[in-house]
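> Sequence and predicted model, in that order:
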Amino acid sequence: MALSRMATIVLTLALAAGCGGGDAVTARTPAEAVAQRMKGSAGVKVTRLVRLDYGGKAFTPPAEDDFVVPFNIGEYSQSRTTGVLAATASDLTETYYRTNVPDELEGVVPTDLSFMTTRTISIAGSGTYRYRADRQDVPAGKSWLHGRSSECEQLRAIGVRDLVSPEVLRKLAAPTPSSGEAIDGVSTVVHAGSSSLAEFAIAAPNDDPAIAAQSRERNTLTQVSWQLWIGPDRLPRRVHLTVTYPMAEDNQPKTTVIEVDFTDWGSDVVIDPPPSVQVHEIGTCLGPEPY
C-alpha cells in the first residue's frame, strides 16, 4: 500500500528522531560510542574532583622540643582537574587544595598549594610533558619536563583516560542500568557496581614483575564502587568512583572519591607539544596524566 506524502514525512521524522545526531547513535555500547566519536582531532572536555579522606587523626613525629601535634591531613585533601582528551593525546591541568586543616592548626599548616599546580600534556609517540608551577626539578631556562620511554609505563589504577578506554568502559557498563537524572539537559541511565580495584588496573607490557606482583596484591584488597551515567547517544556523561584502601597506613588516605564529568563530545581538540626550547629531557619516568 502506498504511503501518503504526509505519512512519508512523519515516518522520515520518526526515523531521524530515533537516530539522533553524530556517529555515536549507531553504537550499541558506551565503548563503541566513544570509539566512534573520538576520531582524528575530535575529543571531549573533562573535569574531575578528587577528595581524599585520611580517616582518624595520627600523631606526627616528635620535634626537638617533644611537642607532638595530633593530625593527619596528608599533602593535600582535594584536587581538581580540567582539560581535554583526544583519541591519541590529552592536555590536563590539576590544582590541589587542603580543606581538612583543623581549626587549632589554621595559620600553622599552609593551605595555599598553588605551587603544586601541574599541567600535563601526553601525546602518543611523543611522550609526556609536565609543567609544575614551582618548577620542581626543572633547570634554569626551562619550563617543562619531558619523558618519552615506554619503559616508564607501570601497572596503575584508573586514570582520566582509562575511564574512556574500551576495557574500563565495558566493565563499568556491565551492571544492568537504571533510570538516572538528567545531566546538562540530557536524560541518562546509570550503571552501578562494585569490585576489587584489580579488575580495573592497567598492566603495561614493561612492568617490573616484582613491582607488578605487589601492585596486584594491593589492588586485589582495594575495593571500588562506581556509578556511570550514560546518555541516549551511549556516551558517558558522568562517572563517580569511591575507592577504599584497607591496607592504608596512618599517613595515607583511607578512601578516595572521584567525580568526573564529560562534556562537548566531538568538539575539535588541538594538542601540541611545548616549544622545544622550553623542554628539559629527563632520564626518569613521568606518569601519563595527573591522577
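Received the coordinates, thanks.
> rest of the way, CA atoms for contacts and neighbours
Will do.
> Could you double-check that residue 98 lies in contact with residue 109?
No. Look at residue 98 against residue 109 with Cα atoms under 8 Å: they stay out of range, at 9.3 Å.
> Looking at the two, which has the bigger crowd around it?
More neighbours surround residue 98 than the other of residue 98 and residue 109, with 18 against 12 (other Cα atoms under 10 Å).
> what about the closest residue to residue 30 other than its chain neighbours, which helix or strand?
Nearest residue to residue 30, sequence neighbours excluded (Cα to Cα, 6 or more residues apart in numbering): residue 234, at 4.9 Å. Using DSSP states H and E, residue 234 sits in no helix or strand.
> Isn't residue 234 up against residue 36?
No. In this structure, residue 234 is not within contact of residue 36 by Cα under 8 Å, at 10.7 Å.
> Of the two, give the one with the bigger neighbour count.
Counted by other Cα under 10 Å, residue 234 and residue 36 do not tie: residue 234 has more neighbours, with 21 against 18.
> what about that one, distance to residue 185?
Counting by Cα to Cα, to the nearest Å, the gap from residue 234 to residue 185 is 15 Å.
> give me phi/psi at the nearest residue in space to residue 48 that is not next to it in sequence?
Of all residues not flanking residue 48 in the chain, residue 260 sits nearest, at 4.3 Å (Cα to Cα, 6+ apart). Backbone torsions for residue 260, taken as degrees, to the nearest 10, come to phi -120, psi 130.
> If residue 260 is in a bridge, with which residues?
residue 48, residue 239 (DSSP bridges).
> Look up how far residue 109 lies from it.
In terms of Cα to Cα, residue 260 sits 29 Å off from residue 109.
> Equivalent analysis for residue 197, please.
On the measure of Cα to Cα, residue 197 and residue 109 end up 33 Å apart.
> Check which residues of stretch 31-47 are buried.
Neighbour counts over stretch 31-47 (16 or more other Cα atoms under 10 Å) mark 31-38, 41-47 as buried.
> Mark which of the residues you listed are part of helices, please.
The helices, defined by DSSP state H, take in 31-37 from those.
> Would you format those as TSV with pLDDT and distance to residue 174 included?
Formatted as TSV, those follow (pLDDT from 0 to 100; distance: Cα to Cα, whole Å):
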residue	pLDDT	distance to residue 174
31	94	11
32	94	14
33	95	15
34	95	16
35	92	17
36	92	20
37	93	21
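> Among these, which one lies nearest to residue 252?
Taking Cα to Cα as the measure, residue 252 lies nearest residue 31 of those, at 33.4 Å.
> Can you tell me, leaving aside adjacent residues, what's nearest to that closest one?
residue 166 (4.8 Å).
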